[in-house]
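Visitor: Task: produce atomic coordinates for the following.
(one chain, ligands or ions: 1)
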Amino acid sequence: MKDVSIDSSSPDSGGGGSGSGPVPSDILVRAGLCGLAYRPSHLAQREIDENTSAVVKYLMAEPDAEEFRTLAALRRKGWESSDGDKAFQEQRKRADNLSKDISEFNYKLMGKIAEELHTNTGAFQMPPRPCSVLDLCAAPGGFLNHAMRINPGCGAVGFSLNPKDGGYPNLLSPFRRRCMKFLDVTMLAEDMMGATDIPADHPDADKFLPRQIGEVDRFDLVLCDGHILRTQDRSSGAGDKNNATSDDKNGTTDDDKIDATSDSKNYRELYEIYRLKYVQLALGLEHLKPGGTMVILLHKVEMWTTLCTLRRLSRFSEQVRLHKPRVSHTTRSSFYLVATGVDSAHPEAVAAVAKWKAV
Ligand SMILES: C[S@@+](CC[C@H](N)C(=O)[O-])C[C@H]1O[C@@H](n2cnc3c(N)ncnc32)[C@H](O)[C@@H]1O
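Guide: Residues are numbered from 1 along each chain as shown. Got it, this is the predicted structure:
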């Protein structure tokens with residue numbers, strides 16, 4: 001592949017940057033990555049789009065990438081179809097209004113995804129006791145349950161957004177459920193930055209949290225499966241949570257889409273996708289035992305920020321594999337990355353944590 005200019009705004013890139021220039025959105029539209037109405041909302045997004053466009057241009061012309069062109073054509077069809085719109089609207093409605101039945105269905109589904117991931121990659125197998133798992137966005141708990149089931153007696157810590165703030169309920173069995181704590185991981189100020197002294201005039205001053213993971217705590221397996229929720233009220237100013245996914249298409253989640261939020265939104269609406277992604281990556285890697293495993297939910301493998309994450313992790317992992325579950329995620333761009341033998345003490349890993357924390 002031709003050298004693509006490195007995006008300085010991407011926390012996974014090595015620096016440099018192509019800076020300004022017109023947004024080559026036509027190629028993104030052709031690849032089915034966005035609709036005609038798409039406009040990047042800020043400079044960083046424009047740079048990401050430019051670099052994604054270079055990748056997509058390469059793939060569209062590459063003789064061996066027939067599969068990518070077929071997928072692009074299908075995605076374009078999705079953007080044009082009103083039936084698709086309706087189906088995905090229904091899907092979103094179900095996701096936003098979780099009944100007890102839907103929650104239980106989701107819990108079982110997450111268990112099936114974990115099983116499939118494990119069968120294909122062995123991701124959930126930890127070394128003999130004492131061993132432990134950290135799940136940064138754990139509810140309803142299918143992944144954690146699977147990890148605890150196949151590693152009897154392992155330690156487990158899970159965080160997840162409180163249902164009263166729009167998060168999912170904890171459906172772990174009574175004797176396992178105590179390992180899960182409800183909190184907003186994007187508010188872990190002390191864990192992320194050592195910050196204990198939040199300026200009183202910060203719009204979210206009362207929401208930031210003290211340390212939750214012991215400084216020296218290390219885990220064998222780290223799960224990063226969070227995606228931002230439309231139901232979470234992130235307003236600290238003028239945000240409008242209902243617009244967060246207004247241009248979603250093709251079953252994409254907030255993380256999937258190329259950010260189309262507007263500059264008038266508060267900082268959480270504008271950057272929440274990145275805040276949630278990088279807090280999981282930074283704390284997950286920082287608290288991973290050397291040689292441990294990370295399972296990470298990602299979207300759109302051809303997107304520049306996703307590629308940068310893959311490249312960065314591959315620098316200090318024995319193996320990085322991608323798995324697209326068959327039991328779910330089939331009409332979405334989401335997939336799982338499984339990194340094994342991750343040398344979390346490697347200088348590049350330490351640098352990655354610092355970079356992700358600085359986002
Ligand atoms: C796909 S679900 C995770 C499913 C989980 N892996 C399982 O096995 O059941 C995504 C989770 O991310 C959580 N989440 C979203 N934003 C969050 C935040 N800011 N802090 C903590 N959890 C968050 C949601 O509440 C939800 O539980």
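Visitor: what about the residue nearest to residue 62 when sequence neighbours are not counted, how many residues close to it?
Guide: Closest residue to residue 62 apart from its sequence neighbours, by Cβ to Cβ, 6 or more residues apart in numbering: residue 68 at 7.7 Å. All C-beta spots, glycine's among them, are computed from the backbone N, C-alpha and C. Applying other Cβ atoms under 10 Å, we find 17 residues neighbouring residue 68.
Visitor: Isn't residue 68 up against residue 57?
Guide: No - using Cβ atoms under 8 Å, residue 68 is not in contact with residue 57; the gap is 11.4 Å.
Visitor: Could you list the buried residues of the helix or strand containing residue 74?
Guide: Element membership for residue 74, per DSSP states H and E: helix 66-80. Going by neighbour count (16 or more other Cβ atoms under 10 Å), the buried part of helix 66-80 is 68, 71, 72, 75, 76, 78, 79.
Visitor: Give the full set of residues in contact with residue 139.
Guide: Residue 139 makes contact with 158, 160, 161, 163, 167, 168, 169, 170, 171, 180, 182 under the criterion Cβ atoms under 8 Å, 6 or more residues apart in numbering.
Visitor: Could you check how far it is from residue 194?
Guide: Remark: distance between residue 139 and residue 194 (Cβ to Cβ, to the nearest Å) = 27 Å.
Visitor: again, but for residue 77
Guide: Per Cβ to Cβ, residue 77 is found 49 Å from residue 194.
Visitor: same deal with residue 25?
Guide: Separation of residue 25 from residue 194 (Cβ to Cβ): 40 Å.
Visitor: again, but for residue 79
Guide: Distance from residue 79 to residue 194, counting by Cβ to Cβ: 44 Å.
Visitor: Work out the gap between the longest helix that the chain contains and the centre of the chain.
Guide: Longest helix in the chain, counting residues (DSSP state H): helix 100-121. Distance, stretch centre to chain centre, for helix 100-121: 17 Å (Cα atoms, centre = their mean, to the nearest Å).
Visitor: How about stretch 25-44?
Guide: Relative to the mean C-alpha coordinate of its chain, stretch 25-44 is positioned 20 Å out (Cα atoms, centre = their mean).
Visitor: Pull that stretch out as CSV, backbone CA atoms only.
Guide: Extracted as CSV, the C-alpha positions of stretch 25-44 are listed here (Å, rounded to 0.1, in the frame of the first residue of the first chain):
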residue,chain,number,x,y,z
SER,A,25,-16.3,12.8,0.6
ASP,A,26,-17.3,11.5,-2.9
ILE,A,27,-15.1,8.5,-2.4
LEU,A,28,-16.5,7.9,1.1
VAL,A,29,-20.0,8.1,-0.4
ARG,A,30,-19.0,5.6,-3.2
ALA,A,31,-17.7,3.3,-0.5
GLY,A,32,-21.0,3.5,1.3
LEU,A,33,-19.3,4.9,4.4
CYS,A,34,-21.7,7.9,4.5
GLY,A,35,-24.7,9.5,2.8
LEU,A,36,-24.7,12.4,0.4
ALA,A,37,-25.7,14.8,3.2
TYR,A,38,-22.7,14.0,5.3
ARG,A,39,-20.5,16.9,6.4
PRO,A,40,-17.5,16.5,8.8
SER,A,41,-18.1,18.5,11.9
HIS,A,42,-14.6,19.6,12.8
LEU,A,43,-11.0,19.8,11.6
ALA,A,44,-9.9,16.5,13.3
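Visitor: Next, the buried residues of that stretch.
Guide: 25, 27-35, 38, 40-41, 44.
Visitor: what residues does stretch 280-294 touch?
Guide: 123, 126, 134, 136-137, 185, 188, 191-192, 213, 217-224, 226, 296, 309, 313, 337-345, 349, 352-353, 356-357.
Visitor: Many thanks, I have nothing further to ask.
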